[in-house]
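J.: Coordinates only, no sequence provided:
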C-alpha cells in the first residue's frame, strides 16, 4: 500500500477510535448496569450468551426501533470488545460479592465444539489472541460478543466478505485448537 | 517469537484455504513453509481444527441438499413425503416404539438454513412454540436435530387443503369466509398473547381439515430462520408481507394483522395478491377477478355488493400501510368481522322486510365507526351510540381506545402472563422481557398528561408490582433490587401527587403503605440499612392506621407490617419486641377467612411469620422453646405443599422448615427426631431439583441438606450411614469433575464435598480417616490456585479451614 493511503487509513482509524471512546464514555455505566442485570437475573441462570448483553444494551441505550439497521451494526461493532470487558468485570465483581457464586458458563456454537465453557476461559483465550493477531481477535468479538454476521462485519470494516471469511476461519481454527487444549 | 509464528501461520493458513485439493495443498504448504517445521506444524494444527469446525457447521452459504429421504427421525419412522419447500421437506411419520400409536408431520429444515449461531435460539423458540396450544393452531409436539445436523419439528398432522384452495373448491360465500377468518384471527391472537408472532402468514400456512377447522401451521418458524440467517433467505411471501417487513424490519403482531387482511382479501376476490400492496378495493376487484370470469355477471355483482362497504373498510384497515393505522390486535379485527356477521341479514330471514330494514340501519352505524373500532369493548360501546355522535367524537374515541388497550395490555402482561411464566421452569429471559415491556407501557400511561386519576393509580400500582417482580421475597424474583427501588419511588411519587387532591383515599394509602414496606424490606435485607428500614416502617404504619381498619386489605397490610417489624427486630437483636410483632401477625392472619384467591400469598405470609417468631424465640429465649414453633411451621408448609405439589416456592418453604426444625432438635440432643426431619427435607430435594435443574440456589440447598443429614445420622449412632452418604456425594462430584474435564466450579464443589466428609470424621474424633481426606481437599484448593481460579473468598475460608483443622488434629 502507498504511504499516502496508509496515512489516510490510519487517520480514519483514529477518527473511528475517537468516536468509539466518546460513545463508550457516555454509556459505560449503563453497560455495566445491563451486564449486572443480565448476571443477577436468577440464582438459576448463570448460563448466558454474550449477545444477550449486546442486544439488551442496544435496546436499552438507543431504542432499537429508532436506530436504523446500519446504526445498530455500527454501534455493536464499536462496542464489541468493551462488551466482553464489562461482562468479565461484572463476573469478577459478582464473584467477589457473592459467597458461592459459580463461574458463568456460556454455550459455544457447534463449530467451536458446542460445549459449555467458562466465560473467563474464553476471555483468556481471546486476550491471548489479541496479543498476536489483534484483527482476528476483534473479529471474534464482533461475531460472538456483538452477534454480527460476517457480511455485516465486512460492510462496516469496508473489506470484502471473502477476506472476512478467511480471517474468521483462521481465528476460529485457532480458538478451537486453543480451547481444545484445556 | 511465538507472536510472529502465529501471525505467519494465519497468513499461510488463509492462503491455503483457496486450495481445495488435499494433495495439492500439501505440496504447496511444504513449498511455502520451506523447511520451517514450526510454521508447518502450526498451520497444520489450524487446518485440522478448521476441518473439525467446518464439519460441525459449514461457513458457506446455501447448499441445496435435497438428499435422500431419511428412514427415521427421532422416535419416528418416515412413512411418506408430504411436500418439499424452500426451507426443507415435510414428511408423514409414525411413532413405532410400541408406546402408543401416533401419526405426525415432521418438518426437516435444511441444515444450511440454520447456521452456527442459531442453535440456542432454535431450542429456545421451539420450547416456546411447544407451549402454544389452540384449537386452530397445528400443535408443535417436539423437535431436535437429527444425526445429519438438520433441525426438525414434529407437529400435528393436518389432513386438509390450504384455505384458498378449500374456499375455491367449496365455493365459500363471503359469510363462510368471514367465519373461517374469525377462527384464524383467534388463533393468531392466542399466539400473540404468548408473545409469539407468526411472521409468514399466507393461505398455504392455513390448512382446513375435513371437519372444516382451519389450522395455522408453522407458527414462528419463519422467525427462527430469519433471525438465524445471515442473509434474509426467506422474506415473507410478497403480497402478504407488510411494507415494514418488506423493508427488512423484524416481524411484529401488526405484520400478522396485515397478512390476515391480505388473506381475507385474497379469499374474497379468489386471486392471490400480485406483489406489492393492492390498489383496487376488494369489492371492485371481485367484479374484475379472472377467478370469477366464468361466473354470471349477477353472481359477481351480488358478491361485490355483499363485500362493498363494511368488508372493504375492514380489509383496508387491516392492510393499512402504516402499522399504527391498522387494527391494533388480531382480536380487534375479529371483533369487526363478528360485528359484520351479526349485522348481516341472516340468509333465512332475508325476505323479512322489517328485519332487513332494521339491520340496514345498524349496519350503517357500523360503517361510520368501522374504522375506529380498535377493541372489542369499544365496538360494543359504540354500537349503542348514535352515528353522529360517533363521527364527531371520532378522534377522542380513538385516543381513548389506544389508551384502554395500553392499560389492559400492561395489566395482562404483569399479572396473567408473568404468573404463568413464573410457574414454568427456565423462563427467566422471557420473564425479564415481559417486565421490561410492561414497564414501557406503564411509563406511557403515567406520562399521558390527561390521564384520569384511576389510570394513574393503576400505573402506580403497576410500578409497585414490577418492583415486586424485581426483588419481591415471595417469588424467584429477577434479582434487581436497584430497579425495584426506582420503581417503588416512581409509584410513591404518583401516589403522593394523587393523595394531595384526596388525602383520605384508602386505595392510595394502601398502595403507599405497601411501597414503604417493600422499600423497608430491601433496605434491611439487601443493604443492611436498619435505621432507614425502621423509619420506612413507621411511615407505613401511619398510612395503614389511616385506612378503615375493618377492611380485609387493612388487615393484610397490618399483618405484613408486623411481619416486617419482627424481621427487623431479629436483625437488631431486639428479640422480645420481635416476638410480640410476630405473634400479632400470626393472630390476625389465623383469624382471616382464607379465600382461595389469596391463599398462596396469605399462606406465605403466615409461614414467614412463624419463621420469624421461631427465630426470635430461639435466640431470645432458648432453642428448646422454639421447637414447637418450628413444628407448627413444618405442619403449615407440609399442608400447603400437599395442596400445591407443583409450587416450587412451597417446596422450598417445606425443605427449609424441615431443615430448621431438624437443626433445632439436633441442638437440643434429640438426634433421632432431628434425623427424621433431615430425612424429610432430603426426600423433597430431588423434586425441587427436577423443577429447577439449573438453579444454583437449589443445588446449594441440596448440599446444605445432605451435609446436615449426614451429621444427623452420625449423631444418631448411625455414623457409618452418614459416611456412606457423603462418600456417595464425593463420588458423584468426582464423576462431574471427570466429565467436565476439570471445570473449575466442579473442582471447587469436589473440594467442598471432600471437606464435608473429612469434617464428619473429625467431628467424631477419627483423625486417622479425616487427615488424608483433608490433605486431598487441600490439594484441590492448591490446584485451583495454580490455575489462577481460586477466589479470595475460598482462600480466606475454605482453604484456611482445611489447614486449621489439619493443625487441630495434628495431621502430619
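T.: Received, thanks. Everything numeric here is computed off the predicted structure, so don't read it as measured data.
J.: so residue B:756 touches residue B:726, yeah?
T.: Yes: if you go by C-beta atoms under 8 Å, residue B:756 and residue B:726 touch, sitting 5.8 Å apart. Heads up, the C-betas are built off the backbone N, CA and C, glycines and all.
J.: how about low-confidence regions in chain A?
T.: A:1-80, A:82-83, A:87, A:90-91, A:93-117, A:147, A:181-182 (pLDDT under 70).
J.: make it 50
T.: Scanning chain A for pLDDT under 50 picks out the ranges A:1-10, A:20, A:37-38, A:40-48, A:59-69, A:99-100, A:182.
J.: Neighbour count for residue B:756 and residue B:726, which is higher?
T.: Under the criterion of other C-beta atoms under 10 Å in any protein chain shown, the comparison of residue B:756 against residue B:726 puts residue B:726 first, with 26 against 19.
J.: Make sure residue B:530 is actually in contact with residue B:570.
T.: No: judged on C-beta under 8 Å, residue B:530 makes no contact with residue B:570 at a distance of 10.8 Å.
J.: For residue B:764, give its distance to residue B:252.
T.: Note on residue B:764: its distance to residue B:252, by C-beta to C-beta, to the nearest Å, is 65 Å.
J.: hang on, the earlier thing: the more surrounded of residue B:530 and residue B:570?
T.: Taking other C-beta under 10 Å, residue B:530 and residue B:570 do not tie; residue B:570 has more neighbours (24 against 14).
J.: Please list all residues in contact with the more buried one.
T.: By C-beta atoms under 8 Å, 6 or more residues apart in numbering or on different chains, the contact list for residue B:570 reads B:578, B:612, B:615, B:616, B:619.
J.: of all those residues, which comes closest to chain A?
T.: Chain A has its nearest neighbour among the contacts of residue B:570 in residue B:615, at 20.6 Å by C-beta to the nearest C-beta.
J.: count of residues packed around the closest one?
T.: Neighbours around residue B:615, by other C-beta under 10 Å: 22.
J.: With the one 4 residues further on instead?
T.: Counted by other C-beta under 10 Å, the residues lying close to residue B:619 total 14.
J.: what's the helix or strand for residue 155?
T.: In the absence of a named chain, chain A is used. Element membership for residue A:155, per DSSP states H and E: helix A:150-157.
J.: was after chain B, sorry
T.: Using DSSP H and E, residue B:155 maps to strand B:151-156.
J.: and that strand, what other elements does it pack with?
T.: Applying 3 or more C-beta pairs under 8 Å, 6 or more residues apart in numbering or on different chains; DSSP states H and E, we find strand B:151-156 packed against strand B:102-109, strand B:140-145.
J.: What values do phi and psi take at residue B:160?
T.: Per-residue torsions, residue B:160: phi -180, psi -170 (degrees, to the nearest 10).
J.: One more: residue B:200?
T.: phi -150, psi 50.
J.: From the chain's centroid, how far away is stretch B:657-669?
T.: In terms of C-alpha atoms, centre = their mean, to the nearest Å, the centre of stretch B:657-669 is found 37 Å from the chain centre.
J.: in it, what counts as buried?
T.: B:657, B:658, B:659, B:660, B:661, B:662, B:663, B:664, B:665, B:666 (16 or more other C-beta atoms under 10 Å in any protein chain shown).
J.: Out of these, flag the one nearest to residue B:324.
T.: Within the buried residues of stretch B:657-669, proximity to residue B:324 (C-beta to C-beta) peaks at residue B:657, which comes in at 53.2 Å.
J.: Can you verify my assumption that the closest one contacts residue B:631?
T.: No: proximity of residue B:657 to residue B:631 does not meet the contact threshold set by C-beta under 8 Å, at 9.3 Å.
J.: For the closest residue to residue B:303 other than its chain neighbours, give me its contacts.
T.: Nearest non-adjacent residue to residue B:303, counting by C-beta to C-beta, 6 or more residues apart in numbering or on different chains: residue B:286, 5.4 Å away. Contact analysis of residue B:286 by C-beta under 8 Å, 6+ apart lists B:268, B:269, B:270, B:292, B:300, B:303, B:304, B:307.
J.: And the pLDDT for the residue nearest to residue B:789 when sequence neighbours are not counted?
T.: Setting aside the residues directly before and after it, residue B:789 is nearest to residue B:744 in space (C-beta to C-beta, 6+ apart), at 4.4 Å. We have a pLDDT of 71 for residue B:744.
J.: ditto for residue B:31
T.: You'll see residue B:31 listed with a pLDDT of 86.
J.: Please, which helix or strand holds residue B:608?
T.: helix B:596-620.
J.: Just the buried residues of the next helix or strand after that helix, please?
T.: With elements assigned by DSSP H and E, the helix or strand that comes after helix B:596-620 is helix B:623-643. Across helix B:623-643, burial judged by 16+ other C-beta under 10 Å covers B:623, B:626-627, B:629-634, B:636-638, B:640-641.
J.: Just list what helix B:623-643 packs against, helices and strands only.
T.: Against helix B:623-643 (3+ C-beta pairs under 8 Å, 6+ apart) you get helix B:596-620, helix B:648-667.
J.: lowest-confidence stretch among those?
T.: Lowest mean pLDDT within the helices and strands packed on helix B:623-643: helix B:596-620, a mean of 81.
J.: What angle do helix B:648-667 and that helix make with each other?
T.: Helix B:596-620 and helix B:648-667 are oriented at 20 degrees to each other (axes from the mean of the first three to the mean of the last three C-alpha atoms, to 10 degrees).
J.: Buried residues of helix B:596-620, list them for me.
T.: The neighbour-count check on helix B:596-620 (16+ other C-beta under 10 Å) flags B:600, B:602-618, B:620 as buried.
J.: again, but for stretch B:293-305
T.: Across stretch B:293-305, burial judged by 16+ other C-beta under 10 Å covers B:295, B:300, B:303, B:304.
J.: Go through those residues and flag which are in helices.
T.: B:300, B:303, B:304 (DSSP state H).
J.: and those residues as JSON lines, adding pLDDT?
T.: Listed next are these as JSON lines, based on pLDDT from 0 to 100:
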{"residue": "B:300", "pLDDT": "89"}
{"residue": "B:303", "pLDDT": "90"}
{"residue": "B:304", "pLDDT": "89"}
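J.: so which of these comes closest to chain A?
T.: Chain A has its nearest neighbour among those in residue B:304, at 39.6 Å by C-beta to the nearest C-beta.
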